[in-house]
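1. This is a predicted model, with the sequence first.
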2 protein chains.
Amino acid sequence: MSQRHITAAPKKTLARASAAGHGRLPAALGNTSVTTHENVYRGLRDRILFGGFLPGSAVTLRGLAEDMGVSPMPIREAVRRLIAERALKMQDNRRVLVPPMTTETFEQIVFSRKTLEPELAARAMDRIGRAEIRQITTLDQAVDRAMAVGDVDGYMQSNYRFHFAIYERACADTLMALVESIWLQFGPFMRMAYGCIGTSTLEDHHQAAIAALERRDRKGLKAAIAADISQGMNFIGEAVLKRST
Amino acid sequence: MSQRHITAAPKKTLARASAAGHGRLPAALGNTSVTTHENVYRGLRDRILFGGFLPGSAVTLRGLAEDMGVSPMPIREAVRRLIAERALKMQDNRRVLVPPMTTETFEQIVFSRKTLEPELAARAMDRIGRAEIRQITTLDQAVDRAMAVGDVDGYMQSNYRFHFAIYERACADTLMALVESIWLQFGPFMRMAYGCIGTSTLEDHHQAAIAALERRDRKGLKAAIAADISQGMNFIGEAVLKRST
DNA sequence: ACCGCTCTATTGTGATCACAATAATCGCGC
DNA sequence: GCGCGATTATTGTGATCACAATAGAGCGGT
């Protein structure tokens, strides 16, 4: 369902006419002057984070190349990178898929999140002033709005942006890389879970986090983030625990 | 110093004769039937983990291809993967280097290690029996031997194997991936530090960890691992704090 | 001597092709 | 009809080439 099989088109040796000269890009991706594989990476990354892929769905190099209107080459590099970040998984077949969630992986993700993300928030606090709090509040409102309407994709996206608007102020890129890899690993599963359960019954601890930021309460902030993670992950964790192994 | 510049040789169109048909390998790498880029990855990974590269040294695709006797193609994939794992870094130049250590990165690495590795050890404990303890003890002896002789490379390698012989029993591949990425990031720096300071004045907490494993003392095990990390990282941390920013 | 420019060499990137391995499909015999 | 074997299609991998961007060497002017 997610990939297409085409035999005829790319057989024409001169098919490069559409994808133009080497440096140029097919304009399908809003880009600056970064490399094609970087743009492909960002596109795939967003699709993974915000629910463009279902857990367990297969991806192919040529299929993605077709979808994104680029040659297989930059796809290879982007996919290789995403595999290294555990957003994708290469099976023994050497075929690539977005990995299904397991209870073991899920538990480790929860542990990692509860260990690393409150720490990131705590480190960020001193660099979060009035302006940043206002911005973060706006993002939280977007989360609430998406939740109310049942806009799952919108929720995924604004929830991500809420959390990372805080975390990025920590200026801790090594810790950040760990957390980003973790988010990539549960993105598709979370999206699927919300798609099943819906977002209406969900409530987060974002307000508590913002309140803690306002009174510069580091302990309270860590607690709020931890509670948000516990609550949200428990919520979607049921989905995998109930339905099978 | 680490790369070579060759202009003439690969210009011959038929140079593939040496690196033979597609699936075959140049026999320079002891391999099974895995892909070439996988073998290249393992080789580079070991060199990074055990001190084959200095922090800040530049690597080039064609240079590595020359060194390892393969075509640039599998090098690209291995390097892309290592960049994603933060073992290598691509600058804005798009040139690749093994990243120099900074105090900020170092601090984050220490935090991550002290957070994740004791947890891994604790999770592994129940799966570590008599046989495994014996094996781990043997590895610790290799560490001591290398330390006594001043064999820095040997120390790097057996210390890695000691730690990961414990961690891998946790069967927690998601956590493991985080820790492996962390080790790749401080490998070159640790190697350099030991190369300067020497290994003679170093002492670890491996014995305490083994003792804790024997009496199945989870708290004690976590404490021993944490102490080992603190002590070792403090030891080499001086090197970067003393000499500059 | 030192700074600036020019020209060359090197580097990562992307395209394209060929190949081997695996998956999918079809057809035949029962 | 239904499993089972042969054929076909698709997949990741590796090689090679061309290109644009950058770095570095060489050289001239002040």
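-> Everything's here; your move.
2. what number of residues lie near the closest residue to A:Glu214 other than its chain neighbours?
-> In space, A:Glu214 comes closest to A:Ile133 once its chain neighbours are excluded; the distance is 6.3 Å by Cβ to Cβ, 6 or more residues apart in numbering or on different chains. Using the backbone N, CA and C atoms, a C-beta is placed for each residue, glycine as well. When neighbours are counted by other Cβ atoms under 10 Å in any protein chain shown, A:Ile133 registers 14.
3. and A:Ile133, what is it in contact with?
-> Counting by Cβ atoms under 8 Å, 6 or more residues apart in numbering or on different chains, A:Ile133 makes contact with A:Ile210, A:Leu213, A:Glu214.
4. quick one, helices of chain A?
-> A:36-50, A:61-68, A:72-84, A:103-125, A:130-149, A:152-167, A:173-197, A:206-214, A:218-243 (DSSP state H).
5. and the longest one, which residues are buried?
-> Within helix A:218-243, the residues that count as buried by 16 or more other Cβ atoms under 10 Å in any protein chain shown are A:221-229, A:232-233, A:235-237, A:239-240.
6. Likewise for the fourth one?
-> Of the residues in helix A:103-125, those with enough neighbours to count as buried (16+ other Cβ under 10 Å) are A:105-106, A:108-125.
7. what about A:Ser33, how many neighbours?
-> Neighbourhood size, A:Ser33 [other Cβ under 10 Å]: 6.
8. My error: substitute A:Met73 in the last question.
-> Counted with other Cβ under 10 Å, the neighbours of A:Met73 add up to 14.
9. With the one 5 residues further on instead?
-> Here the number of neighbours of A:Ala78 (other Cβ under 10 Å) works out to 27.
10. again, but for A:Arg216
-> A:Arg216 has 11 nearby residues by other Cβ under 10 Å.
11. so it makes contact with A:Met125?
-> Yes: here A:Arg216 lies in contact with A:Met125, judged by Cβ atoms under 8 Å, at a distance of 6.6 Å.
12. Residues of chain A that sit close to chain B?
-> A:35, A:76-77, A:80-86, A:94, A:104-105, A:108-109, A:111-112, A:115-116, A:119, A:171-175, A:177-178, A:181-182, A:185 (Cβ under 8 Å from any Cβ of the partner chain).
13. Check what pLDDT A:Arg243 gets.
-> As predicted, A:Arg243 sits at a pLDDT of 61.
14. With adjacent residues omitted, what lies nearest to A:Asn159?
-> If the residues on either side of it in the chain are set aside, A:Asn159 comes closest to A:Val143, at 5.4 Å by Cβ to Cβ, 6+ apart.
15. what sits against the one you found?
-> The neighbours of A:Val143, taking Cβ under 8 Å, 6+ apart as the test, are A:Tyr155, A:Ser158, A:Asn159, A:Phe162, A:Asp204, A:His206.
16. what does A:Glu168 give?
-> A:Glu168 sits next to A:Ala124, A:Met176 when contact means Cβ under 8 Å, 6+ apart.
17. Next one: it from DNA strand D, what distance?
-> Noted for A:Glu168: a distance of 26 Å to DNA strand D, by Cβ to the nearest atom of the strand, to the nearest Å.
18. what's the burial count for A:Gln91?
-> 10.
19. neighbours around the closest residue to it other than its chain neighbours, how many?
-> Leaving aside its sequence neighbours, A:Gln91 sits nearest to A:Leu97 (Cβ to Cβ, 6+ apart; 6.7 Å). Residues within reach of A:Leu97, counting by other Cβ under 10 Å, total 18.
20. quick one: A:Leu97 and A:Gly56 touch, right?
-> Yes: using Cβ under 8 Å, A:Leu97 makes contact with A:Gly56 at a distance of 6.3 Å.
21. For B:Met190, which of the helices of chain A is the nearest?
-> helix A:173-197 (15.2 Å; Cβ to Cβ).
22. which helices and strands sit right next to that closest one?
-> helix A:36-50, helix A:103-125, helix A:152-167, helix A:218-243, helix B:103-125, helix B:173-197 (3 or more Cβ pairs under 8 Å, 6 or more residues apart in numbering or on different chains; DSSP states H and E).
23. would you list those helices in TSV and tack on distance to DNA strand C?
-> As requested, the helices and strands packed on helix A:173-197 are arranged in TSV below (distance: least, Cβ to the nearest atom of the strand, whole Å):
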stretch	distance to DNA strand C
helix A:36-50	3
helix A:103-125	22
helix A:152-167	24
helix A:218-243	24
helix B:103-125	22
helix B:173-197	17
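24. In JSON lines: those helices, plus distance to B:Tyr41.
-> Below are these laid out as JSON lines (distance: least, Cβ to Cβ, whole Å):
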{"stretch": "helix A:36-50", "distance to B:Tyr41": "18"}
{"stretch": "helix A:103-125", "distance to B:Tyr41": "23"}
{"stretch": "helix A:152-167", "distance to B:Tyr41": "29"}
{"stretch": "helix A:218-243", "distance to B:Tyr41": "31"}
{"stretch": "helix B:103-125", "distance to B:Tyr41": "22"}
{"stretch": "helix B:173-197", "distance to B:Tyr41": "11"}
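25. For those helices, which has the smallest mean pLDDT value?
-> Among the helices and strands packed on helix A:173-197, helix A:218-243 scores lowest, at a mean of 89.
26. Between which two of the contacts of A:Val143 is the distance greatest?
-> A:Tyr155 and A:His206 (11.9 Å).
27. neighbour count winner among those two?
-> Between A:Tyr155 and A:His206, counted using other Cβ under 10 Å, A:Tyr155 has the larger neighbour count: 26 against 22.
28. for that one, what are its contacts?
-> A:Tyr155 touches A:Val143, A:Ala146, A:Met147, A:Tyr194, A:Thr199, counting by Cβ under 8 Å, 6+ apart.
29. Try it again at 10 Å.
-> A:50-51, A:142-149, A:190-191, A:194, A:199, A:202, A:204 (Cβ atoms under 10 Å, 6 or more residues apart in numbering or on different chains).
30. That one and A:Ser57, how far apart?
-> Here A:Tyr155 is placed at a distance of 21 Å from A:Ser57 (Cβ to Cβ, to the nearest Å).
31. Same check on A:Arg218?
-> Distance check for A:Arg218 against A:Ser57: by Cβ to Cβ, it reads 41 Å.
32. do the same with A:Glu238
-> A:Glu238 sits 22 Å away from A:Ser57, taking Cβ to Cβ as the criterion.
33. Could you do A:Phe186 as well?
-> 15 Å.
34. Could you check which of those two has the larger neighbour count?
-> A:Phe186 (22 against 14).
35. which residues sit in contact with that one?
-> A:49, A:55, A:101, A:105-106, A:109-110, A:112-113, A:193, A:233, A:236, B:174.
36. can you redo the residues you listed as TSV with distance to A:Arg42?
-> Shown next, in TSV, are the contacts of A:Phe186 (distance: Cβ to Cβ, whole Å):
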residue	distance to A:Arg42
A:Leu49	10
A:Pro55	21
A:Met101	24
A:Thr105	24
A:Phe106	26
A:Ile109	22
A:Val110	27
A:Ser112	23
A:Arg113	23
A:Ala193	24
A:Met233	26
A:Ile236	25
B:Thr174	24
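37. Within reach of DNA strand D, which of the residues you listed are there?
-> The subset of those within reach of DNA strand D, counting by Cβ under 7 Å from any atom of the strand, is empty.
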